[in-house]
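J.: Could you look at this predicted model? Sequence included:
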Amino acid sequence: MNQPAPMPPSSYLRYLPAVFARTDDDFLAHYLLIFEKLLTGLADTTLDGRKGIQDLLSADVIGNLFYSRFSFLFPPGDETFIPPISGLPPAKGTAILERFDSYIGVPEIGSALDGHIDSPLYSSDALAAFNAWLDEFLAWLGGWVDLPLDSTWDLDKKRNVIAQSMALYRLRGTPQGLGMLLNLLLDLPLQQVSCVKPSGTTDPVYGTVTVNVLHPAPPPILLKDDASQPGSFVLRCAYQPGMPLVSGYAPWLFVVQVVLPAYGNAKLVPDATGIQQIQALLAQITTVLDAQRPAATRYQLQILGASALRADAIYQPVLNSNALLGTQTSPP
């Protein structure tokens, strides 16, 4: 491994009493470089290529560091909501991360034994330490808005969720808010759900699964002259399922519709692989709803298009293997 050249000690050591002006005191000799940079100026190359305070202020790094877009990394005309920094071509992605690291200055991961053993204990990737720092920084940033991040998400997914979290709080407890939360956390609509291939073709067939969160549709209110007649509306002190609603909404209940490909096109019947994708999605939806639904509320999970079964030589429906049925309601 190529070791970076050691930084020279601060020239401010000469202003200290002789007992402290020791160039072999690495901590003090390098700590004074901070004040030398601020007060009298210091070439950035002296700081191992890291940006100084003037560079940070000029690039508006400090003002943008606590918003997950990190606008200082991208051209001013880039209007992308969250420009990607991961999943890019290696050269481009590395250049962005190296530029980011030049502002932060994360030291390389190393060990005191690295110079005494054949293989380093840590990765030789120069950006490994910075990526680890950035991952921890995003977790800290999410903590400020009470948002625990999934460790399986990549950097861009974490940045995107953090950036939209404040808008989610404004819609919290509403069907719109729950729908937006499910779409954001689970990357909905779910694209490329594997479906049964038509006869005579080997090309893969895919469908799309979407999720809608709604208030339940209330039954109509019938006005009659005689309250004793069947179906007449009677205002009661408590709601029972099936009763008409004065306000138009059932209290404390959300209807979560999972729209399968066959709901819009009966030919798009999920195969065994597609059903596994859908079952995994249903488990994720239930986990999110159980954690995020407001207190004292329930949800009803409706699967639309799940009853499109075909019994033929190509597709033999097997319940809970390659076919889904039913409506699930959460406990109160």
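T.: All right, it came through fine. Residues are numbered from 1 along each chain as shown.

J.: So which elements touch the longest helix that the chain contains?
T.: Across the chain, the helix with the greatest residue count (assigned by DSSP state H) is helix 272-292. Packing partners of helix 272-292 (3 or more Cβ pairs under 8 Å, 6 or more residues apart in numbering; DSSP states H and E): helix 175-186, strand 190-195, strand 205-214, strand 253-259, strand 298-304. Quick note: C-beta positions are derived from backbone N, CA and C, even for glycine.

J.: angle of the first one against helix 272-292?
T.: Spelled out, that is helix 175-186. Counting by axes from the mean of the first three to the mean of the last three Cα atoms, to 10 degrees, helix 175-186 lies at 120 degrees to helix 272-292.

J.: Run the angle between helix 175-186 and strand 205-214 for me.
T.: Angle of helix 175-186 versus strand 205-214, following the same axes, to 10 degrees, is 140 degrees.

J.: do the same with the second one
T.: Compare the direction of strand 190-195 with that of strand 205-214 by the same axes, to 10 degrees and you get 130 degrees.

J.: repeat for the last one
T.: Strand 298-304 and strand 205-214 are oriented at 150 degrees to each other (the same axes, to 10 degrees).

J.: Buried by neighbour count: which residues of strand 298-304 qualify?
T.: Within strand 298-304, the residues that qualify as buried are Tyr299, Gln300, Leu301, Gln302, Ile303, Leu304, counting by 16 or more other Cβ atoms under 10 Å.

J.: Specify which member of those is nearest to Thr273.
T.: The nearest member of these to Thr273, counting by Cβ to Cβ, is Ile303 at 17.7 Å.

J.: That closest one and Pro216, how far apart?
T.: For Ile303, the distance to Pro216 (Cβ to Cβ, to the nearest Å) stands at 16 Å.

J.: circling back: what about the longest helix of the chain, average pLDDT?
T.: For helix 272-292, mean pLDDT rounds to 89.

J.: what comes up buried for that helix?
T.: Neighbour counts over helix 272-292 (16+ other Cβ under 10 Å) mark Gly274, Ile275, Gln277, Ile278, Leu281, Leu282, Gln284, Ile285, Val288, Leu289 as buried.

J.: what's the closest non-adjacent residue to the first one?
T.: In this structure, Gly274 finds its nearest non-sequential neighbour in Ser194, 4.0 Å apart by Cβ to Cβ, 6 or more residues apart in numbering.

J.: what's near enough to touch that neighbour?
T.: Applying Cβ atoms under 8 Å, 6 or more residues apart in numbering, we find Ser194 in contact with Pro204, Val205, Tyr206, Pro270, Asp271, Thr273, Gly274, Gln277.

J.: ends of stretch 83-90, how far apart?
T.: 16 Å (Cα to Cα, to the nearest Å).

J.: Could you give the average pLDDT over it?
T.: Mean pLDDT, stretch 83-90: 84.

J.: Kindly report the same for stretch 13-25.
T.: pLDDT averaged over stretch 13-25 gives 67.

J.: Just the pLDDT at Ala308, thanks.
T.: With respect to pLDDT, Ala308 has a value of 51.

J.: ok, so what distance separates the residue nearest to Gly274 from Ile278?
T.: With Cβ to Cβ as the criterion, Ser194 and Ile278 are 10 Å apart.
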